[in-house]
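A.B. asks: Predicted coordinates and the sequence they were generated for:
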Amino acid sequence: MKPDATVVLDGYTFFECPRWHDDRIFISDFYSQQVLSAREDGSDVRVEAEVPQQPSGLGWLPDGRMLIVSMRDHTILRREDDGSLVVHADLSSYVSANLNDMLVDAHGRAYVGNFGFDLMNMATPDTADLLRVDPDGSVQVVAKDLYFPNGMALTPDGELLVDETVGNRISVFAVHPDGSLGERRDWAKFAEVPDMGDMATALGQLVVASDGCAIDTDGSLWVADALGQRIVHVAPGKGIVDQLEFDTGVFACGLGGADGRTLYVCAAPDFNEHQRKVETAAQLLAVRV
């Protein structure tokens, strides 16, 4: 179905990682290099941080300080109480491609994904590690051989879901008390893992390019399909049970609003970095669910 979508923010470059926090929607705009926040309806826009190496994933430590993925220099930044940014963790020795999405749990442990290869220049796809950054800034590899680990969520029973954008699947991991993960299992499988011989072939074999996501109160997952101009609603054990269709690309989503029933959707014509850098066609949309 085509949803009744309201434009919340308009005229930006490429939005990612919408997060509802302190009665505001926070979001990263890749190519303006800003983290923004606004009220539920898009009013009172604030620049929360300037991140020259491109912001992405967002989250908060238990004490309220914000963590921000800085994609290109492979660091996690921490915004101090005075608004200054400091390096919380340096992941450059663990990754060779852009960092991307991030989930910060209630303990302040940050799970961080990365591209694994040069997506924007259509390099040959490769697998990537999922990293955990502990509150003290130490880094651990918690899962290996994932196909572009991207959006993440914690299920109601505390397991970690990881969207694998070029893997045709969403994986699930048990989370141990120390933050380490159990063995990977399929939570949703849309098709077989594509042929990774070249990027064009892999993209052509994707049924769902699962990007950013948001978990609902019943444990189902709203997932942006980065190639399909849709948000798919995936239920555990059932697969896709519904979808929201758009006339533009959609790349991430997050639940929020006063009652938690607004799905904020990051929309843009495509994810082509070279084009998004020179246009301001990105929108943040709101859909009631």
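C.D. replies: That came in fine, so what should we check first?

A.B. asks: thought Thr42 was touching Leu284?
C.D. replies: Thr isn't right for residue 42; it's Gly. Yes. With contact defined as CB atoms under 8 Å, Gly42 counts as touching Leu284 (7.2 Å). Placement of C-beta: from N, CA and C, glycine included.

A.B. asks: joint contacts of the two?
C.D. replies: Common contacts of Gly42 and Leu284 (CB atoms under 8 Å, 6 or more residues apart in numbering): Val7, Val8, Leu9.

A.B. asks: Could you give me the ChimeraX selection string for whichever of the residues you listed are buried?
C.D. replies: Buried residues within the shared contacts of Gly42 and Leu284, by 16 or more other CB atoms under 10 Å, are selected in ChimeraX with:
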select :8,9
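
A.B. asks: Could you export the shared contacts of Gly42 and Leu284 as a markdown table, including secondary structure?
C.D. replies: Shown next, in a markdown table, are the shared contacts of Gly42 and Leu284 (DSSP: H, G, I helix; E, B strand; the rest coil):
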| residue | secondary structure |
| --- | --- |
| Val7 | strand |
| Val8 | strand |
| Leu9 | strand |
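
A.B. asks: Next one: Glu50 from Tyr111, what distance?
C.D. replies: As judged by CB to CB, to the nearest Å, Glu50 and Tyr111 stand 25 Å apart.

A.B. asks: Which one of the two is surrounded by more residues?
C.D. replies: For Glu50 versus Tyr111, neighbours defined as other CB atoms under 10 Å are more numerous around Tyr111 (26 against 11).

A.B. asks: and that one, that one's in a strand?
C.D. replies: Yes. Under three-state DSSP, Tyr111 sits within a strand.

A.B. asks: Settle this for me: it is touching Val139, isn't it.
C.D. replies: No. Using CB under 8 Å, Tyr111 makes no contact with Val139, being 11.2 Å away.

A.B. asks: Overlap of the contact sets of the two?
C.D. replies: Common neighbours of Tyr111 and Val139, counting by CB under 8 Å, 6+ apart, are Leu131, Arg132.

A.B. asks: Identify the residues contacting Ala5.
C.D. replies: Residues near Ala5 by CB under 8 Å, 6+ apart: Phe246, Val265, Leu285, Ala286, Val287.
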